[in-house]
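K.L.:
Okay, sequence plus prediction incoming.
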Amino acid sequence: MKRIAIFGSTGSIGRQALEVIAAFPDRFSAGLLLAGSNAPLLQEQIGRFLPETAGLAFPPAGYARPAVARFLQGPDALEQACELDGYDAALVAVVGVAGLRAVCRLLERGIPVLLANKEALVAGGELVMGLARRTGTPLLPVDSEHSAIFQCLQARGNNAPAKLVLTASGGPFRGLSRQELARVTPDQALRHPNWSMGRKITVDSASMMNKALEVIEAAHLFSMPPERIQVVVHRESIVHSAVEFADGALLAQLGLADMRLPIAYAMSYPERLPLPGRRLDLTALNGLHFERPDEEAFPAVRLGHEALRLGGVAPAALNGANERCVELFLAGKLAFPDIAELAAAAMRRAAGVALTLENALAADAEARAYVQACAKPA
Ligand SMILES: NC(=O)c1ccc[n+]([C@@H]2O[C@H](COP(=O)([O-])OP(=O)(O)OC[C@H]3O[C@@H](n4cnc5c(N)ncnc54)[C@H](OP(=O)(O)O)[C@@H]3O)[C@@H](O)[C@H]2O)c1
């Protein structure tokens with residue numbers, strides 16, 4: 001029985017992880033459930049999964065402590081949870097840079113991390129990977145593209161990959177021009193054609209900033225230089241990513257768009273579980289399409305490569321600026337194209353500062369403040 005701690009249990013990834021746990025009750029249990037502010041859903045999850053520990057970072061006024069052996073409450077609930085024992089792996093599925101300190105601490109303590117929170121690797125890539133290596137602690141990708149690459153790499157033998165191909169759905173605005181993108185609304189950005197995800201990552205998909213963050217994530221996870229990571233738009237979201245080898249062989253992982261597969265693979269690695277659900281029927285497909293991203297309309301897509309070349313805290317600044325831009329866009333206070341523009345400017349301002357945890361968090365805060373100061377009303 002593997003006891004999983006779920007950081008972000010009320011979110012899109014957290015809820016799907018609990019579906020996997022519910023489907024394999026003799027394999028997994030939820031040792032710890034931690035959420036932000038969704039008290040009713042956390043309560044329901046506690047009643048169903050009976051964790052030893054639960055926590056809520058931002059409880060509503062008058063919130064009554066639930067019936068669990070240990071309850072963590074307050075903005076530092078995430079950090080407190082990292083200090084506990086009683087679970088065998090932590091699925092880090094909180095959104096945003098809030099995950100960075102937690103991921104570092106878990107790795108320092110030798111607790112295997114199942115990583116959905118890409119922002120931690122974006123903001124602190126070398127730190128996170130350095131800790132995983134130094135402590136010999138597993139860090140398994142949950143992001144579907146990185147899980148796909150990780151799965152393909154199981155067949156590598158002694159061969160180093162030559163190139164990584166990250167696929168992107170293109171989001172709800174694929175095909176729109178820069179002028180048309182200036183008029184899109186938050187509601188439109190939140191309507192993803194293929195995936196049902198949290199609000200922040202859904203906007204990142206629409207701007208294609210998600211792919212920039214994933215390029216940085218892939219570079220760190222798989223020690224790949226940016227020039228050997230290619231982004232390809234694939235609107236069907238069937239090919240989840242691919243790896244090219246020296247002889248030209250391209251290995252890809254295919255499947256229906258369902259995050260339960262990469263979540264379950266990270267939870268049970270190296271074993272594959274008999275997941276319930278639909279299977280991909282190749283004969284039912286109407287073709288698979290691939291094209292280059294439109295970098296003119298979606299300039300965010302190339303910012304991951306630039307951030308990696310700038311190095312230091314530039315990726316942390318890109319990430320922090322983007323997080324603030326997304327908040328402002330969703331609040332109707334920023335035009336959609338300004339997300340990429342302000343994030344790029346914040347990233348370039350941060351160039352030249354070496355990466356430490358404190359520097360990354362300072363660059364994150366500074367980038368947010370810069371966006372706030374520059375943002376013009378939408
Ligand atoms: N969704 C996907 O399909 C998908 C795919 C690939 C990668 N990812 C990555 O996975 C991460 C989570 O994405 P998501 O779509 O699941 O996001 P989400 O639906 O917005 O969920 C975020 C979760 O984090 C919790 N949370 C936020 N701040 C917290 C804090 N300070 N302390 C404790 N809990 C906190 C939220 O709690 P409340 O809701 O209770 O406030 C919620 O449970 C992101 O980094 C995203 O990029 C997601």
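P.N.:
Received it, and whenever you're ready, just let me know what you need.
K.L.:
Isn't S205 up against G198?
P.N.:
No. Applying C-beta atoms under 8 Å, one finds S205 not in contact with G198, separated by 10.7 Å. Backbone N, C-alpha and C define where each C-beta goes, glycine included.
K.L.:
So those two - more neighbours on which side?
P.N.:
Counting neighbours by other C-beta atoms under 10 Å for S205 and for G198 shows that S205 has the greater number, 24 against 18.
K.L.:
so who does that one touch?
P.N.:
168-169, 171-172, 192, 195, 197 (C-beta atoms under 8 Å, 6 or more residues apart in numbering).
K.L.:
quick check, nearest of those residues to I216?
P.N.:
A168 (14.3 Å; C-beta to C-beta).
K.L.:
Point out the residues in the protein that sit beside the ligand.
P.N.:
With C-beta under 6 Å from any ligand atom as the criterion, the chain comes near the ligand at residues 8-14, 34-38, 57, 77-78, 93-95, 98, 116-119, 143-144, 195, 197-198, 200-201, 259.
K.L.:
Just these: which are in strands?
P.N.:
Using DSSP state E, 34-35 are the members of the residues of the chain next to the ligand that sit in strands.
K.L.:
ok, back up a step: out of the contacts of S205, which is most surrounded?
P.N.:
Within the contacts of S205, most neighbours by other C-beta under 10 Å means G171, with 25 neighbours.
K.L.:
quick one: it and A206 touch, right?
P.N.:
Yes. Taking C-beta under 8 Å as the definition, G171 is a contact partner of A206 at 4.2 Å.
K.L.:
What residue spans form the domains of the chain?
P.N.:
2-142, 146-306, 311-378 (automatic domain parsing).
K.L.:
May I have the residues that are in contact with the residue of the stretch 51-200 of the chain found nearest the ligand?
P.N.:
Residue nearest to the ligand within the stretch 51-200 of the chain: G198 (2.5 Å; C-beta to the nearest ligand atom). For G198, the contact set (C-beta under 8 Å, 6+ apart) comprises 11-13, 95.
K.L.:
Of all residues in the stretch 251-378 of the chain, which one is closest to the ligand?
P.N.:
For the stretch 251-378 of the chain, C-beta to the nearest ligand atom, closest residue to the ligand: M259, 4.5 Å.
K.L.:
Ramachandran coordinates for that residue?
P.N.:
Main-chain torsions, M259, degrees, to the nearest 10: phi -70, psi -10.
K.L.:
which residues in the stretch 101-250 of the chain form strands?
P.N.:
113-115, 139-141, 163-168, 229-233, 239-244, 250-254 (DSSP state E, counting those that start in this stretch).
K.L.:
tally of neighbours for the closest residue to the ligand within the chain?
P.N.:
Using C-beta to the nearest ligand atom, the closest approach of the chain to the ligand is made by G11 at 1.9 Å. G11 is flanked by 24 other residues according to other C-beta under 10 Å.
K.L.:
residues contacting it?
P.N.:
35, 93-95, 198.
K.L.:
Confidence-wise, which of the contacts of S205 comes last?
P.N.:
Among the contacts of S205, W195 has the lowest pLDDT, at 83.
K.L.:
so what's the nearest residue to that one once chain neighbours are set aside up against?
P.N.:
Take W195 and drop its neighbours on the chain: the residue closest to it by C-beta to C-beta, 6 or more residues apart in numbering is A257, 5.5 Å away. For A257, the contact set (C-beta under 8 Å, 6+ apart) comprises 144, 194-195, 237-238.
K.L.:
Show me which pair in those is furthest apart.
P.N.:
Maximum distance among the contacts of A257 (C-beta to C-beta): 12.3 Å, for W195 and I238.
K.L.:
Buried residues, stretch 77-96. List them.
P.N.:
77-78, 80-82, 84, 87, 89-96 (16 or more other C-beta atoms under 10 Å).
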